[in-house]
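Undergrad: Here is my input; please provide its structure:
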Amino acid sequence: MLGRGVWSSLRQGLSRGLSRKVGGWASGEGRKMDIAGIYPPVTTPFTATAEVDYGKLEENLHKLGAFPFRGFVVQGSNGEFPFLTSIERLEVVSRVRQAMPKDKLLLAGSGCESTQATVEMTVSMAQVGADAAIVVTPCFYRGRMSSAALIHHYTKVADLSPIPVVLYSVPANTGLDLPVDAVVTLSQHPNIVGIKDSGGDVTRMGLIVHKTGRQDFQVLAGSAGFLLASYAVGHTRPGNWFLEPGLQTCDDLVPRPKVTRRFGIPGLKKTMDWFGYYGGPCRAPLQELSPTDEEALRMDFTSNGWL
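TA: Okay, here's the model as predicted:
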């Protein structure tokens, strides 16, 4: 962890850099980075002994790189980031950056429980090649995570981040929804470019789009399950989800079975195995699907002609 003196120096140095470089992060003079597009979430492959399998990670990236995605999301909820060490988190991002096409954007999850740790991780993610940082809401003390606390947290992270910041609300995992009033306030920050909202409340997403309409701020739908509905609320951008190979047309954007909502990461990885990617095992304490759940998952795909 950073000592008080180092923290102070880092804050001053990066704050000066922010005032000089905001235009450099933007897609044009006075504009923030444009993050609109489709970003498949990159899972973290493990060996049978629970070590990160960097070879399989690179194989998956090479296959995904053949599709016209805007970029990739690494260390999101599908990446099992809470089960990785800090060194592993950074190494995964570094390997993804090396393996993915150079013209794609890399959005890396850098959220930690404390503000200080999140700043450190965000700076490190930038150093290993992330183009933007996705910062999940801190949630261990969720009862104290008021709008004021979250605004303070994200403001400090964005002030000190050398790359653009994307807010990340995933209440199914954190038990905490980033309040709309906090999102609206944070949308005015020059280094906060948008929000990845995985809550599935389309009315809430529409309200965020409406209330941030005057800001250069983008709202990304965090799951295919409500992608089409999100388009109906206005300027919502497609977020990241696992998109099967070969899905090219608009008809193919009809949501597939809600794999992770029902079967979690083990279900996602099993599906990847079926579609020619390496899913493999999860890291404990996550367990593989039971035979009953695997059969139910298979039926979800075969009954609709997708497998």
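Undergrad: And what about Glu294, helix, strand or coil?
TA: Secondary structure assignment for Glu294 (DSSP: H, G, I helix; E, B strand; the rest coil): helix.
Undergrad: how much space between it and Asp159?
TA: According to C-beta to C-beta, to the nearest Å, Glu294 stands 47 Å off from Asp159. C-beta here means a position set from N, CA and C on the backbone, and glycine is covered the same way.
Undergrad: One more: Lys102?
TA: With C-beta to C-beta as the criterion, Lys102 and Asp159 are 29 Å apart.
Undergrad: same question, Met145
TA: 19 Å.
Undergrad: Looking at the two, which is more packed in?
TA: Met145 (20 against 16; other C-beta atoms under 10 Å).
Undergrad: what number of residues lie near the residue lying closest to that one once chain neighbours are set aside?
TA: The shortest distance from Met145 to any non-neighbouring residue, by C-beta to C-beta, 6 or more residues apart in numbering, is to Leu176 (5.8 Å). By other C-beta under 10 Å, the residues close to Leu176 number 19.
Undergrad: And Ala172, by the same measure?
TA: The number of residues packed near Ala172 is 14, by other C-beta under 10 Å.
Undergrad: Check the one 5 residues further on too.
TA: By other C-beta under 10 Å, the residues close to Asp177 number 17.
Undergrad: list the contacts for the residue sitting nearest the centre point of the chain?
TA: By C-alpha atoms, centre = their mean, the chain has its centre lying nearest to Gly76, at 4.2 Å. Contacts here follow C-beta atoms under 8 Å, 6 or more residues apart in numbering; on that basis Gly76 touches Pro41, Val42, Gly109, Ile134, Tyr168, Lys196, Asn240.
Undergrad: Can you give me the distance of the nearest residue to the third one once chain neighbours are set aside to Pro41?
TA: What that stands for is Gly109. Leaving aside its chain neighbours, Gly109 sits nearest to Gln75 (3.4 Å; criterion: C-beta to C-beta, 6+ apart). Between Gln75 and Pro41 the computed distance is 9 Å (C-beta to C-beta).
Undergrad: who's more crowded, these two?
TA: Taking neighbours as other C-beta under 10 Å, Gln75 and Pro41 compare with Gln75 leading, 30 against 23.
Undergrad: This protein: strands as residue ranges?
TA: 41-42, 71-74, 105-109, 132-136, 165-169, 192-197, 218-221, 237-238 (DSSP state E).
Undergrad: and of those, who's closest to Phe81?
TA: Of all these, the one in closest proximity to Phe81, counting by C-beta to C-beta, is strand 105-109 (5.5 Å).
Undergrad: I'd guessed Met272 sits against Thr43; true?
TA: Yes. In this structure, Met272 is within contact of Thr43 by C-beta atoms under 8 Å, at 6.8 Å.
Undergrad: give the contact list for Leu84.
TA: By C-beta under 8 Å, 6+ apart, the contact list for Leu84 reads Thr44, Val52, Gln75, Val92, Arg283.
Undergrad: Lowest pLDDT pick from these?
TA: Lowest pLDDT of these: Gln75, 94.
Undergrad: My read is that that residue contacts Arg89, right?
TA: Yes. Using C-beta under 8 Å, Gln75 is in contact with Arg89, at 5.8 Å.
Undergrad: Any chance you could list residues touching both of these two?
TA: Counting by C-beta under 8 Å, 6+ apart, the residues touching both Gln75 and Arg89 are Phe81.
Undergrad: Nearest spatial neighbour of Val119, chain-adjacent residues omitted?
TA: Leaving out its chain neighbours, the residue that sits closest to Val119 by C-beta to C-beta, 6+ apart is Leu160, at 4.9 Å.
Undergrad: can you tell me how far Leu286 sits from Phe263?
TA: Distance from Leu286 to Phe263, counting by C-beta to C-beta: 11 Å.
Undergrad: The two: who's more crowded?
TA: Using other C-beta under 10 Å as the criterion, Leu286 and Phe263 rank with Phe263 on top: 20 against 13.
Undergrad: Need the per-residue pLDDT for that one.
TA: pLDDT, Phe263: 91.
Undergrad: How about the contacts made by the nearest residue to it once chain neighbours are set aside?
TA: Leaving aside its sequence neighbours, Phe263 sits nearest to Leu297 (C-beta to C-beta, 6+ apart; 5.4 Å). With contact set as C-beta under 8 Å, 6+ apart, Leu297 has these partners: Pro257, Val259, Arg262, Phe263, Gly267, Lys270, Thr271, Leu289.
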